[in-house]
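J.: Okay, predicted coordinates and the sequence, questions at the end:
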Amino acid sequence: MEKLIRFGVSIDKKLLDKFDALILKHQYSNRSQAIADFMREKLIEQDWNTQKKKVAATISLVYSHHHRTMLNKVMDIQHDFEKLIISTQHIHLDHDNCLEIIAAFGKGQDILELARRLRAVKGIKHASFTMTTSGKQIS
């Protein structure tokens, strides 16, 4: 385990009360855990805005498999970004609907462009995007 450092923080009581309510809602066991998590989140966000660092993300798409032209467009976009996409998973949700999960690794701005292009395809019912890190810069 890395060395732990204790430090003090002065903060407005109303803001602290809101923070305590937030960490309770998200089931953090203590303030330290929540603060460390929020710090990591901001560091990951910074990595995403740095052109040189490689980052990771997932893109999830929900669509009807009956729209064949839409499926071809999604596949064409994925091939356009083949160097970023490290894995895809196709899941049949029911007779009509599918979930596609795309794992990507590369420069943040390139992955964002991939997500934007996929989200804009006519026929996509829902698209979500989750940015994360390669783990190298975050402890």
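T.: Structure received.
J.: in what helix or strand does residue 34 lie?
T.: Using DSSP states H and E, residue 34 falls within helix 31-48.
J.: tell me which residues in that helix are buried?
T.: By 16 or more other Cβ atoms under 10 Å, the buried positions in helix 31-48 come out as 34, 44, 47-48. Bear in mind the C-beta positions are built from the backbone N, C-alpha and C, glycine included.
J.: Surely residue 58 is within a strand?
T.: Yes: with DSSP: H, G, I helix; E, B strand; the rest coil as the criterion, residue 58 is part of a strand.
J.: Enumerate every residue touching the closest residue to it other than its chain neighbours.
T.: With Cβ to Cβ, 6 or more residues apart in numbering as the measure, residue 130 is the residue that lies nearest to residue 58, at 4.9 Å, once sequence neighbours are left out. Shown here is residue 130, whose contacts under the criterion Cβ atoms under 8 Å, 6 or more residues apart in numbering are 57-58, 60.
J.: Restrict the lowest-mean-pLDDT helix or strand in the chain to CA atoms and write it as CSV.
T.: In the chain, the helix or strand scored least confidently by mean pLDDT, DSSP states H and E is helix 31-48, which has a mean of 85. Backbone C-alpha positions of helix 31-48 (Å, rounded to 0.1, in the frame of the first residue of the first chain) are rendered in CSV as follows:
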residue,chain,number,x,y,z
ARG,A,31,-15.0,11.2,3.2
SER,A,32,-11.4,10.2,2.4
GLN,A,33,-12.6,7.5,0.0
ALA,A,34,-14.9,9.9,-1.7
ILE,A,35,-12.4,12.7,-2.0
ALA,A,36,-9.8,10.3,-3.4
ASP,A,37,-12.3,9.0,-6.0
PHE,A,38,-13.3,12.5,-7.0
MET,A,39,-9.6,13.4,-7.3
ARG,A,40,-9.0,10.4,-9.6
GLU,A,41,-12.0,11.4,-11.7
LYS,A,42,-10.6,14.9,-12.3
LEU,A,43,-7.1,13.4,-13.1
ILE,A,44,-8.8,11.1,-15.7
GLU,A,45,-10.6,14.1,-17.1
GLN,A,46,-7.3,15.9,-17.4
ASP,A,47,-5.8,12.8,-19.2
TRP,A,48,-8.7,12.9,-21.7
